[in-house]
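Enquirer: Sequence and predicted structure below; questions after.
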Amino acid sequence: MSGATPQGRKARVPGGLLGMLALVAAIELTIEARRLDYVLHWSDDWRRTAEVASVGVKHCDVLFFGDSMVKFGVLPRMIEARTGLKAYNLAVNAGTTPTNYFLLRRALDAGAKPKVVVADFFALMKPENPHERMGAYCELATARDCVDLGWTSGDWSLTSRSLLGKVLSSYKRRYDIRTGIMAAFRGERASEWPRLSVIWATWADQAGAQPLPRMPWGYQFDPVMAQSLAVPNWSCDPFNASYIERFLSLAESKGIRVIWLMPPMSPSIAAIRKPFGADEAYDRFARSVLERHPGVEILDARNSGYDDSVHNDVLHLDHRGAKIMTADLSDVLAGMIRGRNAAAPADRWAALPPVNGRSGDEPARSLADSGGATVR
């Protein structure tokens, strides 16, 4: 019969196929071994933070989630010194609502039992396109998370692409590899390794936070970033809305109270957003969340006077602004841990105290000396 194996001869795997598979495996292992020559620092942040969530936060009283506004702006070591509460910052650069949920779920699955979680949901302000961050999702997401992305979005290519990226480093890092090759042709080095080593040391010392020094060139206004936040007719993207609901529901199912932190932005942002009514629409959405989730309280620092003198750019506080906000946040956390009962929705939205000339250079005040913010 045509195609049948001749009697007495064993079927063999073609040598060419074995050679090709061996070559692919060698290439993939080489790329993974040299990943620091290709990986962007924020993609590496997602991977390392996911690892910490799995093993390093089991005994924390407070966990922080969000994006770079929390990564740079909330200092767990300062909170520990002021309150005695063990804290860790699990926010990631360019964080999204799915990363908040995935990291919280991973931490809880690993045995974490925080009393309070603090999260900023700045990512809600803009539509989320997970394809744009595929390399980073491959670094952070488990296989379960990859399936979750496809199921929630209705776009199963997210699942297939993210799973493929977890298997093939050449696929996951293809854009970074391309950047490295182009840099090599220019006689440059694209690797972020020297800077990454400094960043890692900072995360280890600061319990996941990354306080920023005041840049020598001072405050920088980025018109592209600012304009991206001036959204006419804003409404919450359904993909983002799904993940914020799941984040809050997961915390509530474990009896964990949630602080939704609204970090300060440069005053220029408010001026650009005002004509579009973007803040008013965002606030209406936030109030609807409070009505559905009795374990959530909002701390709003947007109008607390964090001007350009404590910002490095339109969104990010420098270390002085971070000290001021963290000091006020510490007082609220201490009150919550001491057993203050949850309030009605209308009373669960508070502004952090005004800066009032505080520089952030002075030593941290004790709780006894601090007026602090109180949630009405």
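Expert: Looks like it arrived, so ask away.
Enquirer: Now residue 321: which helix or strand?
Expert: helix 319-337 (DSSP states H and E).
Enquirer: Run me through the strand neighbours of the helix or strand following that helix, direction for each.
Expert: Counting by DSSP H and E, the element after helix 319-337 in chain order, helix or strand, is strand 349-351. Strand pairing for strand 349-351, using DSSP bridges, gives strand 296-300 (parallel).
Enquirer: Show me where the stretch 1-150 of the chain has its helices.
Expert: For the stretch 1-150 of the chain, applying DSSP state H, counting those that start in this stretch gives helices covering 15-33, 41-55, 68-73, 76-83, 97-109, 134-140, 143-153.
Enquirer: I'd like those laid out as JSON lines, including mean neighbour count, distance to residue 278 and mean pLDDT.
Expert: C-beta coordinates here come from the backbone N, C-alpha and C atoms, glycine included. Listed next are those as JSON lines, based on neighbours: other C-beta atoms under 10 Å; distance: least, C-beta to C-beta, whole Å; pLDDT from 0 to 100:
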{"stretch": "helix 15-33", "mean neighbour count": "11", "distance to residue 278": "42", "mean pLDDT": "77"}
{"stretch": "helix 41-55", "mean neighbour count": "20", "distance to residue 278": "25", "mean pLDDT": "91"}
{"stretch": "helix 68-73", "mean neighbour count": "26", "distance to residue 278": "17", "mean pLDDT": "96"}
{"stretch": "helix 76-83", "mean neighbour count": "20", "distance to residue 278": "31", "mean pLDDT": "96"}
{"stretch": "helix 97-109", "mean neighbour count": "24", "distance to residue 278": "18", "mean pLDDT": "97"}
{"stretch": "helix 134-140", "mean neighbour count": "25", "distance to residue 278": "26", "mean pLDDT": "91"}
{"stretch": "helix 143-153", "mean neighbour count": "17", "distance to residue 278": "24", "mean pLDDT": "96"}
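Enquirer: before we move on, the earlier item: ok and the helix holding residue 321 relative to strand 296-300, angle-wise?
Expert: 150 degrees (axes from the mean of the first three to the mean of the last three C-alpha atoms, to 10 degrees).
Enquirer: Any idea how far helix 319-337 is from the middle of the chain?
Expert: 19 Å (C-alpha atoms, centre = their mean, to the nearest Å).
Enquirer: what's the answer for stretch 39-48, then?
Expert: With C-alpha atoms, centre = their mean, you get 11 Å for stretch 39-48.
Enquirer: how close does residue 323 sit to residue 120?
Expert: 17 Å (C-beta to C-beta, to the nearest Å).
Enquirer: Tell me which of these two has more neighbours.
Expert: residue 120 (26 against 23; other C-beta atoms under 10 Å).
Enquirer: With residue 173 as the reference, measure out to the more buried one.
Expert: In terms of C-beta to C-beta, residue 120 sits 28 Å off from residue 173.
Enquirer: Out of the helices of the stretch 1-150 of the chain, flag the one nearest residue 259.
Expert: helix 68-73 (11.0 Å; C-beta to C-beta).
Enquirer: what does that closest one contact?
Expert: Contacts to helix 68-73, defined as C-beta atoms under 8 Å, 6 or more residues apart in numbering, come from residues 45, 64, 89, 91-95, 118-120, 122, 208-212, 261, 263, 315-317, 321-322, 325-326.
Enquirer: what does stretch 135-143 give?
Expert: 39-40, 42-44, 46-47, 49-50, 92, 94, 98-99, 102-103, 106, 130, 145-146, 149, 162-163, 165-166, 172-173, 175-176.
Enquirer: nearest to residue 347, of the helices of the stretch 1-150 of the chain?
Expert: helix 76-83 (22.7 Å).
Enquirer: Return the distance of the closest one from the chain's centre.
Expert: 21 Å.
Enquirer: So which elements touch that helix?
Expert: strand 62-65, strand 87-89, helix 319-337 (3 or more C-beta pairs under 8 Å, 6 or more residues apart in numbering; DSSP states H and E).
Enquirer: Compare these and report which one is nearest to residue 268.
Expert: helix 319-337 (15.2 Å).
Enquirer: Make TSV from the helices of the stretch 1-150 of the chain and add distance to residue 200 to it.
Expert: As requested, the helices of the stretch 1-150 of the chain are exported to TSV (distance: least, C-beta to C-beta, whole Å):
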stretch	distance to residue 200
helix 15-33	18
helix 41-55	7
helix 68-73	14
helix 76-83	16
helix 97-109	18
helix 134-140	15
helix 143-153	24
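Enquirer: Looking at those helices, spot the one closest to residue 223.
Expert: Here helix 68-73 is closest among those (C-beta to C-beta), at 18.7 Å.
Enquirer: Now that closest one - C-alpha only, CSV.
Expert: Extracted as CSV, the C-alpha positions of helix 68-73 are listed here (Å, rounded to 0.1, in the frame of the first residue of the first chain):
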residue,chain,number,x,y,z
SER,A,68,3.7,54.5,37.7
MET,A,69,1.8,57.2,39.6
VAL,A,70,1.7,54.8,42.6
LYS,A,71,5.1,53.2,41.8
PHE,A,72,6.8,56.6,42.1
GLY,A,73,4.4,58.2,44.5
